[in-house]
Each structure stands twice: as C-alpha cells, then as structure tokens.
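Participant: I'll drop the sequence and a predicted model, then ask my questions.
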Amino acid sequence: MPDTTAILTAQRRGLRLGLGTVLVAVLVMAIGMAVSVGAVAVPLSTVWGVVLDRLVPGLVTPDWSTGQASIVWQIRLPRAILAGLVGAGLGLVGAALQAVTRNPLADPHLLGISSGGALGAIAALLHTGMFLGALTVPLMSFGGALLATVLVLGAARMAGAGSADRLVLTGVAVSFVLMACANILIFLGDPRATHTVVFWMLGGLGLAQWSHLLWPLAVLVPCGLWLWAQAGRLNAMSLGDETAASLGLEVGRFRLTVFVAAALITGIMVAFSGLIGFVGLMMPHLVRLVLGGDNARVLPGSAFAGAVFLICADALARVAMAPEDIPIGVVTGLIGGVFFLWIMARRP
C-alpha cells in the first residue's frame with residue numbers, strides 16, 4: 001500500500017509550487033500592466049520585448065522606437081519594481097506590528113514610524129547635506145523612524161497606555177508632533193527645494209532609478225526572511241504577553257527587536273518613496289480573511305499583497321489625471337481611509 005504520509009507531503013509540495021507559480025505570474029502581470037499604462041501607452045508586447053532585449057540582447061528583433069524603449073526601461077520599469085518593494089515592505093511591517101502589539105490597527109503610518117522616517121529624510125535633503133553620500137537619506141530616514149519608535153513606546157509606557165487602542169492614539173500623537181517638526185524644517189529650508197520635498201511627503205515614485213532599488217532590496221530581503229523565521233514567536237505574541245512568556249519567549253526584548261526591524265524597513269522605504277499610508281494596515285487584514293491567522297502565511301501573503309496593491313495604485317495615480325501624476329500617498333490615503341472606517345465598524 002502507498003505511504004499516505006508521503007502522498008500528502010507530495011501533494012502539499014505540489015500545491016505550494018503551484019500557488020507560488022500563480023503568485024509570481026500575478027506579480028509579473030501587475031508589473032507589465034503598470035509599465036504599459038500611462039500618459040503614453042505602450043503595448044504589452046513592446047514592454048516585454050524591451051525587457052527581453054535588455055536582459056538577453058539579440059533574443060528578439062526590436063520593432064519599437066528608442067523613445068518607447070527609454071520609457072519602459074529607464075522610467076516605468078524601475079518605478080514599478082520600486083512600488084513592489086515598498087508595498088511589500090510596508091505590508092510585511094504592518095503584519096509584524098499587528099502581531100507583536102496584538103493591535104489590529106497597528107501600521108507604520110498610524111504608529112508614527114513613517115513620520116519619523118520622513119523627518120529624518122527631510123533633515124538630510126534640506127539641512128545636513130549628503131555628508132555620507134548616497135547613504136545619507138536612507139540612514140537619516142532610518143534614524144528618524146527609530147526615534148519615532150522609541151518615542152511611541154516610551155510615551156505609551158510613561159502614560160500607562162498598555163491597551164491596543166491607546167497605543168495607536170499614542171502613535172498618532174507622536175506622528176503629529178514629528179510632522180510638525182518636519183514642516184518647520186521645510187519652512188526653514190531652501191524655498192527652491194520645497195516643492196519637491198512637499199510632493200515627496202505626499203508619496204511619490206517618480207524619481208525611481210535602477211540605482212535606487214539596491215537599498216530597499218538589501219533591507220527587505222534579510223529583514224523579511226528574519227521576520228518570517230519568527231512567525232512562531234509572533235503567533236505566540238498574538239496570544240498575549242503572559243502566554244508568550246510561558247512558552248519561554250523574552251517578550252520585551254523580542255518586541256523591541258521587531259520594532260527595530262520595522263523601523264529599519266519603514267525608514268528605508270520612506271527614504272525612496274515618501275509617505276505612503278495604510279498599506280500596512282489593509283494588507284494583513286485582507287490576507288487573514290483568505291489565509292487565516294498563522295503568521296507563517298500572513299507575513300509573506302501581506303508582502304505579496306502589498307507589492308501588487310502598490311504597483312496597481314501607482315498605475316492608477318499615473319492615469320487618473322494624465323499627464324499629471326497624482327501623489328500615490330493620496331490614492332492609498334483615500335482607499336485606506338475608507339478601509340479604516342470599515343474596520344472600525346466591524347469591531348465590537
């Protein structure tokens with residue numbers, strides 16, 4: 001008789017392989033769609049032809065103009081990939097924060113982490129100068145995100161705000177303070193750079209370049225793999241501090257480590273995309289509706305959903321008022337605000 005366990009294992013492996021193939025196909029289709037649409041439409045066949053020609057020269061015969069090739073390879077493709085990286089990072093961070101705080105409303109934007117990253121980036125862009133070269137803005141943004149994390153956790157502890165709702169309120173208050181500081185820096189900065197910084201604060205991927213993809217990728221991959229490896233601990237944290245401690249988990253240290261990883265991912269993403277809210281709030285909720293509450297599935301699912309969502313949101317931002325680009329933070333804010341109200345209405 002065949003080994004039932006071996007058959008089930010093979011079936012699960014095949015199911016995971018099939019699901020992974022489908023998800024990759026969906027992501028590739030989303031990227032292709034995002035590169036194709038815009039003020040100047042480019043046929044999908046041309047999009048993939050340009051990509052293949054760049055990756056494997058001579059594989060296809062070019063039947064497109066130089067302008068089309070430049071639009072696809074130099075402008076839209078790095079922008080779509082950056083949107084995917086940022087969306088994946090924010091979705092992943094949102095899932096981790098919601099698990100470690102047992103707070104369904106936890107999100108890097110609502111907890112003030114994104115605002116801290118924006119403060120650090122604005123300080124670098126308008127005041128300190130690039131004293132560390134290309135690393136200046138990402139590192140300053142991470143420093144600001146880490147400062148916001150410390151302020152939120154410290155203020156919550158001092159105020160005795162241990163409940164989930166009060167932690168969010170503390171984060172919102174810290175976010176307002178940090179954004180006020182950022183506005184002061186803009187007011188005191190070079191007026192010639194103010195317009196660019198304000199647009200960047202609203203969320204924008206228009207400055208994406210291939211060289212910009214290295215830092216988000218270098219942070220997202222190791223931090224994402226580490227968070228995924230901690231899925232079991234995050235599941236324990238979701239059950240409460242006492243339960244997690246009874247399972248041998250050092251609750252305080254683990255929570256702090258997760259917050260530092262969240263600050264690092266958020267800070268780097270903000271440095272290259274500006275303020276983009278609600279991705280980390282929406283994606284984990286949608287993923288849990290489909291995959292359940294196990295963080296071994298929620299974390300990668302939220303990253304994937306965040307990537308696809310932000311790629312599509314950026315495409316919408318480019319075509320809604322073409323040839324003008326709507327700041328992508330406006331699009332995610334409109335969608336996320338409605339989603340936030342829906343979550344509040346569902347809560348008892």
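Facilitator: That came in fine, so what should we check first?

Participant: pull the helix or strand with minimum mean pLDDT from the chain.
Facilitator: helix 191-201 (a mean of 75; mean pLDDT, DSSP states H and E).

Participant: Check which helices and strands that helix is in contact with.
Facilitator: Counting contacts by 3 or more Cβ pairs under 8 Å, 6 or more residues apart in numbering; DSSP states H and E, helix 191-201 packs against helix 113-123, helix 164-188. All C-beta atoms are positioned from the backbone trio N, CA, C, and that covers glycine.

Participant: Can you lay out those as TSV showing mean neighbour count, mean pLDDT and distance to Val37?
Facilitator: Output for the helices and strands packed on helix 191-201, formatted as TSV (neighbours: other Cβ atoms under 10 Å; pLDDT from 0 to 100; distance: least, Cβ to Cβ, whole Å):
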stretch	mean neighbour count	mean pLDDT	distance to Val37
helix 113-123	30	89	27
helix 164-188	17	84	32
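
Participant: of all those helices, which lies closest to Gly129?
Facilitator: Closest to Gly129 of those is helix 113-123 (Cβ to Cβ; 10.2 Å).

Participant: Run the angle between that closest one and helix 191-201 for me.
Facilitator: 160 degrees (axes from the mean of the first three to the mean of the last three Cα atoms, to 10 degrees).

Participant: on that earlier part again, I'd like the helices and strands packed on helix 191-201 as JSON lines, with distance to Ala39 appended.
Facilitator: JSON lines is the format used below for the helices and strands packed on helix 191-201 (distance: least, Cβ to Cβ, whole Å):
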{"stretch": "helix 113-123", "distance to Ala39": "28"}
{"stretch": "helix 164-188", "distance to Ala39": "29"}
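
Participant: What residues sit buried inside the least confident helix or strand of the chain?
Facilitator: Val197, Phe199, Trp200, Met201 (16 or more other Cβ atoms under 10 Å).

Participant: centroid residue for this structure?
Facilitator: When Cα atoms, centre = their mean is applied to the chain, the residue found nearest the centroid is Leu90 (2.3 Å).

Participant: which ones are touching it?
Facilitator: Pro108, Ile265, Thr266, Met269, Ile276, Val279, Gly280, Met283, Gly306, Leu310 (Cβ atoms under 8 Å, 6 or more residues apart in numbering).

Participant: Name the nearest residue to the first one, sequence neighbours excluded.
Facilitator: The shortest distance from Pro108 to any residue other than its chain neighbours is 4.4 Å, reached at Thr266 (Cβ to Cβ, 6 or more residues apart in numbering).

Participant: what sits against that neighbour?
Facilitator: Counting by Cβ under 8 Å, 6+ apart, Thr266 makes contact with Gly89, Leu90, Val93, Pro108, Ile113, Ser114, Gly117, Ala145.

Participant: Name all residues that make contact with Ala262.
Facilitator: Val93, Ala96, Leu97, Pro108, Ile113, Thr149.

Participant: for Leu82, same thing?
Facilitator: By Cβ under 8 Å, 6+ apart, the contact set of Leu82 is Leu205, Ala208, His212, Leu213, Pro216, Phe272, Ser273.

Participant: which SSE is it in?
Facilitator: Using DSSP states H and E, Leu82 maps to helix 77-101.

Participant: what is the mean pLDDT for that helix?
Facilitator: Average pLDDT, helix 77-101: 93.

Participant: can you give me the angle that helix makes with helix 164-188?
Facilitator: 140 degrees.

Participant: related to what we said a few turns ago, closest one to Val174 out of the buried residues of helix 191-201, please.
Facilitator: Met201 (16.9 Å).

Participant: what about the chain, any weak spots by pLDDT?
Facilitator: 1-3, 6, 8-11, 16, 159-165, 347-348 (pLDDT under 70).

Participant: Check which helices and strands the helix with the most length in it sits against.
Facilitator: In the chain, ranked by residue count with DSSP state H as the criterion, the top helix is helix 4-36. On a contact count with 3+ Cβ pairs under 8 Å, 6+ apart, helix 4-36 meets helix 44-55, helix 77-101, helix 295-319.

Participant: Counting neighbours, which bits of the first one end up buried?
Facilitator: When neighbours are counted by 16+ other Cβ under 10 Å, the buried residues of helix 44-55 are found to be Thr46, Val47, Trp48, Gly49, Val50, Val51, Asp53.

Participant: tell me what it is packed against?
Facilitator: In terms of contacts (3+ Cβ pairs under 8 Å, 6+ apart), helix 44-55 is packed against helix 4-36, helix 66-70.

Participant: Now it - C-alpha only, PDB.
Facilitator: Below are the C-alpha coordinates for helix 44-55, written out as PDB (Å, rounded to 0.1, in the frame of the first residue of the first chain):
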ATOM      1  CA  LEU A  44       2.400  44.800 -23.600                       C
ATOM      2  CA  SER A  45       4.200  43.000 -26.400                       C
ATOM      3  CA  THR A  46       6.600  46.000 -26.600                       C
ATOM      4  CA  VAL A  47       7.100  46.100 -22.900                       C
ATOM      5  CA  TRP A  48       8.200  42.500 -22.600                       C
ATOM      6  CA  GLY A  49      10.100  42.800 -25.900                       C
ATOM      7  CA  VAL A  50      12.200  45.700 -24.500                       C
ATOM      8  CA  VAL A  51      12.800  43.800 -21.200                       C
ATOM      9  CA  LEU A  52      13.900  40.600 -23.000                       C
ATOM     10  CA  ASP A  53      16.100  42.600 -25.300                       C
ATOM     11  CA  ARG A  54      17.800  44.300 -22.300                       C
ATOM     12  CA  LEU A  55      18.200  41.000 -20.400                       C
END
